[in-house]
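Novice: mind looking at a prediction? Sequence and model below.
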Amino acid sequence: MKLQCEVEVINRILPTFGMRNRGKAARAVLSIGRHLDKTTKIQNIYLMICTLKDKAGCKYKADANNLKNFLSAARLAHRGSEVDALPLTALAPARTRDVEKPKSKMSITSKKDYPLTSCFPYSLEQLQVSYCRLSRVDMRMLTLRKLRKLDLSNNHIKKLPATIGDLCCLAELVLHNNHLETFSTALCQSTLQHSLQYLDLGQNKLRALPIQFCQLRELVHLKVDDNEMLRLPVKIGQLSKLRFLSAARNQLPYLPTDFRRLSLENLDLFGNPFKQPNPLDHTIQLKFPLTLLEMASRTAVNYRIPYSPQLIPAHLCQDLDVSKTCDCGNACLNFYIQTTVSMNLHHVSHTVILVDNMGGTEAPVLCYFCSLTCYSEFLDKCLQRSR
């Protein structure tokens, strides 16, 4: 849609400095169309003004609802409707807040500054609310659909609402120093799967993260320092974009076998009570012959056969989701041999913070074997390396 007209561009920031615009109307082509935002990957409606001096044009993001009302009134006027019947407002000078640039950032670091009666600006893209003693997430924050960064650090939040997952543009979520005990499964299965890149859960009371946590495939930076973590997610290797992982000062006795699939730039596991690995100290949980369920499950995982609660019982889906991977590459579920082996953390990260005060960079990793044959071959390799 294009319109040839005289256009004067008004700088909406100048009135906030007590200055007037000294613009001059120029012949231009005014266009309305869609434009893809490269950051959010979302198509929005824009106005574009092209003049003789600027043929490439300048784009201005338009509010869809306001634009719809404006065009509706223009269409009715074009059809010759009675003036009294048109949804028009009286012509009057604009208020300062009407011509100010929409606010995109807000920082509140004191309880006395926290808004109790007014709403947060809907245009916010970054919001920090810290040191306000919040015991829960304010539902007014969850209406901010343009929000890209939400910082709720240094509060008293105990639980996260599942509706945080409705913030489709949220890329950074900071929850450092709160009272969180769990991280909701619903959040792992929300739109955060496609947007969340930075997550800080440091200094809370987390003991574990759900299995579904590894569905947050866009994560690049994860911090879970100073919690009570007893284990990391079983399928953590699925976080293929993860580059910065910090899980210092937790209660981790060992790392999951899938940890070996990570490719990190920086890793910090300092201050965890890692157990000294011993390949001969093992747990044997095998059955001869294997049950039909075990064989079918191994086959489904090895051949990547699709499954869902619509095809098989939900509890079987959960078993398949946490299947173990043998040293030979095949899967095992309920029947296996388990032991721990030492791994140099430089194999998965370019930079490694020392694991302890002794200068070590090695940590124990769980290792699984689908059969006695695989375990025997592993022990033979260990004996050869020790000679």
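Specialist: Perfect, thanks for sending it. Residues are numbered from 1 along each chain as shown.
Novice: can we go C-alpha only for contacts and neighbour counts from here?
Specialist: Noted.
Novice: can you give me the helices in the stretch 201-350 of the chain?
Specialist: With DSSP state H, counting those that start in this stretch applied, the stretch 201-350 of the chain shows helices at 292-302, 314-321, listed in chain order.
Novice: show me which residues of the first one are buried.
Specialist: Applying a neighbour-count criterion of 16 or more other CA atoms under 10 Å, the buried positions in helix 292-302 are 294, 297-298, 301.
Novice: just flag the most distant two among those.
Specialist: The largest distance within the buried residues of helix 292-302, taken as CA to CA, falls between 294 and 301 and amounts to 10.8 Å.
Novice: who touches both of those two?
Specialist: Both residue 294 and residue 301 lack any common contacting residue under the criterion CA atoms under 8 Å, 6 or more residues apart in numbering.
Novice: tell me what residue 46 is bridged to.
Specialist: Following DSSP bridges, residue 46 is listed with bridge partners residue 33, residue 61.
Novice: ok, now which ones touch it?
Specialist: 32-35, 59-62.
Novice: by mean pLDDT, point me to the weakest helix or strand of the protein.
Specialist: The helix or strand of the chain with the poorest confidence is helix 96-99; it has a mean of 53 (mean pLDDT, DSSP states H and E).
Novice: most neighbours among the contacts of residue 46, which one?
Specialist: Taking other CA atoms under 10 Å to define a neighbour, the member of those with the most is residue 32, carrying 18 neighbours.
Novice: please enumerate the helices of the stretch 51-200 of the chain.
Specialist: Going by DSSP H, counting those that start in this stretch, the stretch 51-200 of the chain shows helices at 64-78, 96-99, 185-188, 192-195.
Novice: worst average pLDDT in these?
Specialist: Lowest mean pLDDT within those: helix 96-99, a mean of 53.
Novice: tell me if I'm right that residue 275 and residue 251 touch.
Specialist: No: using CA atoms under 8 Å, residue 275 is not in contact with residue 251; the gap is 10.7 Å.
Novice: out of these two, name the residue with the larger neighbour count.
Specialist: residue 251 (18 against 14).
Novice: adding pLDDT and distance to residue 217, write the buried residues of helix 292-302 out as a markdown table.
Specialist: What follows is the buried residues of helix 292-302, written out as a markdown table (pLDDT from 0 to 100; distance: CA to CA, whole Å):
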| residue | pLDDT | distance to residue 217 |
| --- | --- | --- |
| 294 | 94 | 28 |
| 297 | 94 | 25 |
| 298 | 95 | 24 |
| 301 | 93 | 20 |
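Novice: ok, those vs residue 27, which is closest?
Specialist: Using CA to CA, residue 301 is the member of the buried residues of helix 292-302 that lies nearest residue 27, at 65.5 Å.
Novice: for that closest one, list the residues it contacts.
Specialist: Taking CA under 8 Å, 6+ apart as the criterion, residue 301 is in contact with 320, 323, 331.
Novice: that one and residue 51, how far apart?
Specialist: Counting by CA to CA, to the nearest Å, the gap from residue 301 to residue 51 is 61 Å.
Novice: re earlier: now, among the buried residues of helix 292-302, which is nearest to residue 107?
Specialist: Of all the buried residues of helix 292-302, residue 107 sits closest to residue 301, with 47.6 Å by CA to CA.
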